[in-house]
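Q: Here is the input, now give the coordinates:
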Amino acid sequence: MNHKNSDKRTNLAPRRTGALEWIRGHRWVRVSMPDGTRPRYRLCAEVCRCKEMTEARARATADAIAERERASMAKELENQARRERGSRLTVEEFGDLWTSGKLYEKHGEVNKLKPKASADDDRLRLKKFVYPTLATKAVADVTEQDIEEVLAAASRIGKSSVNGRTWRSKFQVYQVMHRLFDLAVMPGRLRQSNPVTHYLKPEKPKPPLYFFLYPAEFVALLRCHNVPVARRVLYALAVYTGLRKGSLYALTWGGLDFENGTLTSLKSKTGVLQIFDADPGLMKLLAAWYEYQGRPKSRVLIVNDIEWEKGREALALRHDLRSAGVTRTALLEREPSAEPIRFHDLRATFVTWAKRQGRGDGWISDRSGHLTKEMQLRYDRGARMLADLRYVPFPDISEAIPELLEPKDNVVSLAASKGR
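A: Now for the predicted structure:
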């Protein structure tokens with residue numbers, strides 16, 4: 001067909017989807033798109049060769065354009081749908097992505113994202129305090145006022161109004177929400193800013209009094225026949241290493257080097273491996289426990305052997321102290337300005353004793369992990385009190401648990417004391 005310079009439109013084929021048309025000196029093709037539209041596209045690029053195209057070449061070019069444009073729009077529609085789905089993720093859905101580790105698997109170490117040793121604690125706090133209010137709300141729609149409502153509820157749900165207890169619950173909820181929505185900004189890209197602002201951060205009250213065990217009280221606890229042996233081994237580990245409860249439960253026999261007297265903890269709150277020189281008396285006690293258990297290859301402590309309900313460790317500790325004849329009121333009774341002793345206070349006992357022994361902050365942190373300057377100062381006060389009372393910390397506990405003495409002759413070679 002001979003095409004002349006004309007502004008008239010000449011159809012080269014019936015007008016339909018995929019039809020070729022001649023309009024104002026150029027060849028065009030209609031393309032039926034995934035969104036239902038039917039736009040036209042020129043067959044020529046920057047340099048027009050429309051008049052030179054054969055019918056076969058025009059059809060091949062038209063087909064290529066149609067395939068390309070349809071694929072491009074389909075991809076854009078898919079991306080748009082993905083963005084819309086993401087923008088409607090609920091708080092509970094995104095929280096599950098974070099605490100399950102799937103967010104880390106997808107994005108890696110963006111915004112300091114990493115597998116969390118405390119993921120179970122975060123999951124419980126979200127479930128107890130955050131989801132009742134925000135579970136079904138889209139992450140993108142959460143406002144600062146919504147966060148205020150959650151924090152107000154956390155104050156009401158707090159188990160006790162004893163100085164500092166309610167603040168701790170509220171502050172922990174603030175922390176977990178701040179981190180959750182920080183991750184929603186990046187790498188989640190679900191919103192532009194974090195609604196958990198610094199204006200909402202709970203104000204810290206004056207620190208309550210805290211208590212620690214005296215050496216004689218601790219030895220009495222280890223000697224008490226009414227307390228399960230595994231639980232007494234746990235108490236010994238807590239006081240003589242300063243490790244957190246999760247790290248204690250995770251200890252394996254492979255992490256104990258009896259020949260060199262060292263202990264290795266692979267699980268910590270900060271994710272940092274801990275290896276240190278352990279107390280000789282503790283290592284001898286653990287060697288006896290190893291024989292007592294029949295030289296197992298698994299964890300040092302089996303939760304079922306400890307014989308307490310998870311989350312009730314503080315009640316069990318106070319019950320065990322009473323069973324051991326420890327009657328100090330400050331440890332066992334609630335006071336207006338202080339709480340009775342908790343399991344976590346065994347860690348405080350370790351730090352206080354170490355301070356009394358003259359150990360430096362680095363030595364203590366190698367075992368207990370990070371401690372703020374404020375906490376170090378609190379332990380300093382306890383150490384000075386121990387000095388005033390002339391108590392000697394870290395007594396020899398190698399024979400403190402009577403039930404472990406029977407196989408003692410079999411484990412002398414395991415409990416090398418390195419000449420100390």
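Q: Number of residues surrounding the closest residue to Thr252 other than its chain neighbours?
A: Nearest residue to Thr252, sequence neighbours excluded (Cβ to Cβ, 6 or more residues apart in numbering): Arg299, at 5.4 Å. In short, each C-beta sits where N, CA and C put it, glycine included. Neighbour count for Arg299, taken as other Cβ atoms under 10 Å: 16.
Q: ok, Arg299 touching Gly254?
A: No. Between Arg299 and Gly254 there is no contact under Cβ atoms under 8 Å: 9.8 Å.
Q: so what does whichever strand or helix holds Tyr41 touch, helix or strand wise?
A: Applying DSSP states H and E as the criterion places Tyr41 in strand 40-42. Of the remaining helices and strands, those touching strand 40-42 by 3 or more Cβ pairs under 8 Å, 6 or more residues apart in numbering; DSSP states H and E are strand 26-30, helix 55-87.
Q: Go again with 6 Å.
A: strand 26-30 (3 or more Cβ pairs under 6 Å, 6 or more residues apart in numbering; DSSP states H and E).
Q: The strand it packs on: which residues count as buried?
A: By 16 or more other Cβ atoms under 10 Å, the buried positions in strand 26-30 come out as 27-30.
Q: just stretch 118-135 next, same as before
A: So for stretch 118-135, counting by 16+ other Cβ under 10 Å, buried means 118, 122-123, 125-126, 129-131, 133-134.
Q: likewise stretch 197-205?
A: 200, 202.
Q: how about the helices of the stretch 301-420 of the chain, start to end?
A: Listed in chain order, the helices of the stretch 301-420 of the chain (DSSP state H, counting those that start in this stretch) span 303-306, 313-323, 329-332, 344-356, 361-368, 373-388.
Q: if I look at the closest residue to Ala138 other than its chain neighbours, how far off is Lys137?
A: In this structure, Ala138 finds its nearest non-sequential neighbour in Arg88, 5.1 Å apart by Cβ to Cβ, 6+ apart. Separation of Arg88 from Lys137 (Cβ to Cβ, to the nearest Å): 10 Å.
Q: now Ile306
A: Ile306 is 40 Å from Lys137, by Cβ to Cβ.
Q: same question, Pro280
A: From Pro280 over to Lys137 the distance is 56 Å, taken as Cβ to Cβ.
Q: more crowded one of those two?
A: Neighbours around Pro280 and Lys137, counted as other Cβ under 10 Å, are more numerous at Pro280. The numbers are 19 against 15.
Q: Mind putting the helices of the stretch 301-420 of the chain into CSV with mean pLDDT, distance to Leu151 and mean neighbour count?
A: Shown next, in CSV, are the helices of the stretch 301-420 of the chain (pLDDT from 0 to 100; distance: least, Cβ to Cβ, whole Å; neighbours: other Cβ atoms under 10 Å):
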stretch, mean pLDDT, distance to Leu151, mean neighbour count
helix 303-306, 85, 33, 13
helix 313-323, 93, 25, 18
helix 329-332, 84, 32, 14
helix 344-356, 87, 23, 23
helix 361-368, 82, 30, 16
helix 373-388, 68, 23, 14
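Q: Out of those helices, which gets nearest to Asn260?
A: Closest to Asn260 of the helices of the stretch 301-420 of the chain is helix 361-368 (Cβ to Cβ; 15.7 Å).
Q: Pull the distance from that closest one to the chain's centre.
A: 22 Å (Cα atoms, centre = their mean, to the nearest Å).
Q: related to what we said a few turns ago, of all the buried residues of stretch 118-135, which two lie farthest apart?
A: Farthest-apart pair in the buried residues of stretch 118-135 is Ser118 and Thr133; separation 22.0 Å (Cβ to Cβ).
Q: and Lys116, which of the three is it?
A: At Lys116 the chain is in coil, as set by DSSP: H, G, I helix; E, B strand; the rest coil.
Q: Leaving out chain neighbours, which residue sits closest to it?
A: Asp122 (6.7 Å).
Q: That neighbour: which element?
A: Per DSSP H and E, Asp122 falls inside helix 119-125.
Q: Report the distance from the following helix or strand past that helix to the chain centre.
A: Under the assignment DSSP H and E, the closest C-terminal helix or strand after helix 119-125 is helix 131-134. Computed by Cα atoms, centre = their mean, the chain-centroid distance of helix 131-134 equals 20 Å.
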